[in-house]
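In: sequence first, then the predicted structure:
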Amino acid sequence: MKSYKLMKNRTNKESRGWSKDEIERPFPVLVLGWLEPDIIKRSLNSINELVGVDPRIYFIEQKSKNSDIIKELILSTSNIKGYIQMKENWAAASWKIAMEHFLPQIEDEFITITDGDYVWDSFSMDYQYNKLEAHSDIGIISQKRSLLGMAGHWKSMVMKGYSTAVKPDERNAEAAWADEGMTRSNFNGMNLTTARKKDWEEYVDVINTKRVSFATSRIGEPWIPEHRPPLFWDVDLYPFFENVFNKSSFVVEKGLSYHIADEYENDPESQYSIEKRECGYHSHWRDYQDDPDFY
């Protein structure tokens, strides 16, 4: 039986009818943020409203013109346990760097990573932990993203990703039927994505050593199947857990998350969209694909 500390200083939650004695699990979460202090603040507030968990936040900031403001915000947040600021916006490549930096500092069994531009249903992590603890053959769980606010190309991509479900099989029989509120899937993004620390460590090691190639897709051409070593991005992450770790990956459909950045990105002339183009965000994705070892 695991022992967790009791909830403290949850005045807002208590006012909504939740018990003072509700048990909290230690909740280490790596959060990646960039540019907009308002987005980051809303996302951190959402993390701190999650029920049943005690957040310990490790923050990774992509460099931007607002870095001084963001640094002040992060360092004034009481449950920040670690903070690193990248020299520029390195897009997905920052995840591997962050994991290598923060994993040795965390002793808990489960570790969550997330982009810091979402807000979540209050019970998201309580649900994830319950499922991970009940089913050892679940390898990775993440939250489903609401399509509210999405438009155009990315909306169709997300819908296609969610439809790419993995069929239950004997290898993952227990987890495959774990709950009707989850969908077996091999694509989702970094949206409260939780796995065991030992599996995160193994995944990063394989990326660095290239000692394992697996069935995934060609970099930059996802419609072409290919065997290769993985990168740290969602296109490889979920299939790796399925095909190499032989563990099932799930997207939680209960309590959809909301992507705050959609409020900014849908307008190509917004300051957010302009800064994203000028910082070379998409070129950094291509740089990482072309030369993963650079990072």
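Out: Yes, it's here.

In: quick one: contacts for residue 84?
Out: 59-61, 98, 101 (Cβ atoms under 8 Å, 6 or more residues apart in numbering). Bear in mind the C-beta positions are built from the backbone N, C-alpha and C, glycine included.

In: try 6 Å this time
Out: Residues near residue 84 by Cβ atoms under 6 Å, 6 or more residues apart in numbering: residue 60.

In: ok so it is a helix residue?
Out: No: per DSSP: H, G, I helix; E, B strand; the rest coil, residue 84 lies outside any helix segment and is strand.

In: got the confidence number for it?
Out: Note on residue 84: pLDDT of 97.

In: run through the bridge partners of it.
Out: residue 60 (DSSP bridges).

In: from residue 105, how far out is it?
Out: Distance, residue 84 to residue 105, by Cβ to Cβ, to the nearest Å: 11 Å.

In: got it, and residue 226?
Out: According to Cβ to Cβ, residue 226 stands 35 Å off from residue 105.

In: strands of the stretch 1-150 of the chain, start to end?
Out: Along the stretch 1-150 of the chain, counting by DSSP state E, counting those that start in this stretch, strands occupy 25-34, 53-62, 80-85, 110-115, 118-119, 138-145.

In: just those: most buried one?
Out: Ranked by mean neighbour count, these are led by strand 138-145 with a mean of 25 (mean count of other Cβ atoms under 10 Å).

In: report the angle between that strand and strand 110-115.
Out: Strand 138-145 runs at 30 degrees relative to strand 110-115, counting by axes from the mean of the first three to the mean of the last three Cα atoms, to 10 degrees.

In: tell me where the stretch 1-150 of the chain has helices.
Out: 11-15, 37-48, 67-75, 93-102, 124-134 (DSSP state H, counting those that start in this stretch).

In: any idea which of those has the lowest pLDDT on average?
Out: By mean pLDDT, the lowest-scoring of these turns out to be helix 11-15, with a mean of 46.

In: looking at the strands of the stretch 1-150 of the chain, which is nearest to residue 271?
Out: Smallest distance to residue 271 across the strands of the stretch 1-150 of the chain (Cβ to Cβ): 12.9 Å, for strand 25-34.

In: partners of the closest one, with directions?
Out: strand 53-62 (parallel), strand 110-115 (parallel).

In: a markdown table please, covering those strands and showing distance to residue 222 and mean pLDDT.
Out: Below are these laid out as a markdown table (distance: least, Cβ to Cβ, whole Å; pLDDT from 0 to 100):
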| stretch | distance to residue 222 | mean pLDDT |
| --- | --- | --- |
| strand 53-62 | 24 | 97 |
| strand 110-115 | 20 | 98 |
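
In: now the ones you listed in TSV, with distance to residue 183?
Out: Below are those laid out as TSV (distance: least, Cβ to Cβ, whole Å):
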stretch	distance to residue 183
strand 53-62	23
strand 110-115	19
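
In: quick one, which of those is nearest to residue 235?
Out: The nearest among the strands paired with strand 25-34, by Cβ to Cβ, is strand 110-115 at 15.1 Å.

In: still on that earlier bit, can I get the strands of the stretch 1-150 of the chain in CSV with distance to residue 186?
Out: Putting these into CSV (distance: least, Cβ to Cβ, whole Å) gives the following:
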stretch, distance to residue 186
strand 25-34, 22
strand 53-62, 25
strand 80-85, 30
strand 110-115, 17
strand 118-119, 20
strand 138-145, 10
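
In: wait, which of the ones you listed is closest to residue 91?
Out: strand 53-62 (7.8 Å).

In: neighbouring contacts of that closest one?
Out: Identification of contacts with strand 53-62 by Cβ under 6 Å, 6+ apart yields 24-34, 47-48, 70, 74, 79-86, 89, 94, 98, 102, 125.

In: alright, I will stop here.
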